[in-house]
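Enquirer: Mind looking at a prediction? Sequence and model below.
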Amino acid sequence: MSAEANVGVVGLAAMGGSLARNLAHHGNKVAVFNRSYGRTEKLMNEHGSEGEFFPAKTLEEFVDSLVKPRTAIIMVKAGEPTDAMINALADLMEPGDIIVDAGNAYFPDTIRREKEISARGLHFVGCGVSGGEEGALLGPSMMPGGSEESWKTLKPIFESIAAKAEGEPCVTHIGLNGAGHFVKMVHNGIEYSDMQLIAESYDLMRRGLGMTPAEIGDVFGEWNKTELDSYLIEITAEVLHQVDKKTGKPLVDLIVDHAGMKGTGTWTVQTALSLAVPVTGIAEAVFARGLSSEADLR
């Protein structure tokens, strides 16, 4: 396979597939690889006409299809799968090539990986990506760390796909090694706190004032026209207006009230504790999530 792609994506689940499509929509030539080829085929069958894709059956084929300095963005499960993929890519790459971890990673892991990969002459970039699946497709906010040199290659690629706010792309070079993932961690921690405040506001109106979900949804809708205007307030209003077709009950009453966690909020609180920085709102939000899944204790 001749080298034609200026960027590649490894891992084509919801986030990776959306990011690959976003890259292709903005004129990038995108190499794509997934460990199970079926997922690559699915992406090509459903969205292959949306831009220039270069599907690869093997990791070797994927690396060969990238122009130098090669840029590979990995969107695989955090932890051991990420380490395995980084090492497999590094074995096939050459000095000056760039590996970007765009998943949620604990920033000390990113610092460790950057140290190991830079010792091999490659660039390793931990990049926070915010906006979920929809953001990945239509324009995420991006927080890349890594070396200044890698940013020269990544800047035009990332600016092409990032969300725009006040005419500016929502991406900048955050700082060296783990800085990007550190900022994404704190960003998520703040979001935990936002969601806790929203939940408590709902609870006060529902149980304290005896309002219906739809009435509370109206209040959130009005709030969204003020300085509280935000994605979280907007979707809360939307959810509270939903009614289950089968039972006619408010949908919110049928959803199990156990909140899960992926780790970023907990990492924020642990890091803050180690630095003696008070993050009381975020800590309470993490504790509330933990308690939510302990139905018997509640």
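Expert: Okay, I see it.
Enquirer: from here on, contacts and neighbour counts on C-alpha atoms
Expert: Will do.
Enquirer: Check which residues of the longest helix seen in the chain are buried.
Expert: Identified as the longest helix of the chain according to DSSP state H is helix 179-203. Buried residues in helix 179-203, counted by 16 or more other C-alpha atoms under 10 Å: 179-196, 202.
Enquirer: Let me see the mean pLDDT of that helix.
Expert: Taken as a whole, helix 179-203 has an average pLDDT of 96.
Enquirer: what's in contact with that helix?
Expert: 104-107, 110, 126-130, 143-146, 173-174, 216, 232-233, 264-269, 281-282, 284-286, 288 (C-alpha atoms under 8 Å, 6 or more residues apart in numbering).
Enquirer: Quick check: PyMOL command selecting the buried ones in the residues you listed.
Expert: Buried residues within the contacts of helix 179-203, by 16+ other C-alpha under 10 Å, are selected in PyMOL with:
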select buried, resi 104+105+106+107+110+126+127+128+129+130+143+144+145+146+173+174+216+232+233+264+265+266+267+268+269+281+282+285+286
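Enquirer: Can you list which of the contacts of helix 179-203 are found in helices?
Expert: Per DSSP H, the contacts of helix 179-203 map to helices at 107, 110, 216, 232-233, 264-269, 281-282, 284-286, 288.
Enquirer: Give me the pLDDT value at V125.
Expert: pLDDT at V125 comes out at 98.
Enquirer: ok, it to E166 distance?
Expert: According to C-alpha to C-alpha, to the nearest Å, V125 stands 27 Å off from E166.
Enquirer: Between these two, which has more neighbouring residues?
Expert: V125 (31 against 6; other C-alpha atoms under 10 Å).
Enquirer: which ones are touching that one?
Expert: Here V125 is in contact with I98, I99, V100, D101, E114, P144, G145, G146, S147, S150, N177, G178 (C-alpha under 8 Å, 6+ apart).
Enquirer: which one of these is nearest E80?
Expert: D101 (12.9 Å; C-alpha to C-alpha).
Enquirer: Just list whatever residues bridge to the closest one.
Expert: In this entry, D101 is beta-bridged to I74, G126, by DSSP bridges.
Enquirer: burial of it, as a residue count?
Expert: D101 has 28 neighbours, counted by other C-alpha under 10 Å.
Enquirer: Which residues are in contact with the spatially most central residue of the chain?
Expert: Residue closest to the average C-alpha location in the chain (C-alpha atoms, centre = their mean): V129, at 4.0 Å. By C-alpha under 8 Å, 6+ apart, the contact set of V129 is A102, G103, N104, A136, P140, S141, M142, M143, K184.
Enquirer: ok, it to G217 distance?
Expert: 29 Å.
Enquirer: Where does A31 sit, in terms of helix or strand?
Expert: Assigned by DSSP states H and E, A31 falls within strand 29-33.
Enquirer: Just give the strands next to that strand in its sheet, each with its orientation.
Expert: When DSSP bridges is applied, strand 29-33 pairs with strand 7-10 (parallel), strand 52-55 (parallel).
Enquirer: Between the contacts of V125, which has the least confident prediction?
Expert: Per-residue pLDDT puts N177 lowest of the contacts of V125, at 92.
Enquirer: which one is that one nearest to, not counting chain neighbours?
Expert: Excluding its sequence neighbours, the residue lying closest to N177 (C-alpha to C-alpha, 6 or more residues apart in numbering) is G146, at 4.5 Å.
Enquirer: in the stretch 51-200 of the chain, which spans are strands?
Expert: 52-55, 71-74, 98-101, 123-130, 141-144, 164-165, 168-169 (DSSP state E, counting those that start in this stretch).
Enquirer: what distance separates the third one from the middle of the whole chain?
Expert: Mean-position distance between strand 98-101 and its chain equals 15 Å (C-alpha atoms, centre = their mean, to the nearest Å).
Enquirer: which residues sit against it?
Expert: 69-75, 82, 86, 89-90, 122-127, 150.
Enquirer: show me where pLDDT drops low in the stretch 101-250 of the chain?
Expert: Along the stretch 101-250 of the chain, no part satisfies pLDDT under 70.
Enquirer: what are the bridge partners for L66, then?
Expert: Assigned bridge partners for L66, using DSSP bridges, are A5.
Enquirer: I'd like the distance between it and F54.
Expert: From L66 to F54 the distance is 9 Å (C-alpha to C-alpha).
Enquirer: same check, this time on E60
Expert: For E60 relative to F54 (C-alpha to C-alpha), the value is 13 Å.
Enquirer: what about those two, which has more around it?
Expert: F54 (21 against 15).
Enquirer: Skipping adjacent residues, who's closest to that one in space?
Expert: F54 sits nearest to A31 (C-alpha to C-alpha, 6+ apart), 4.4 Å away.
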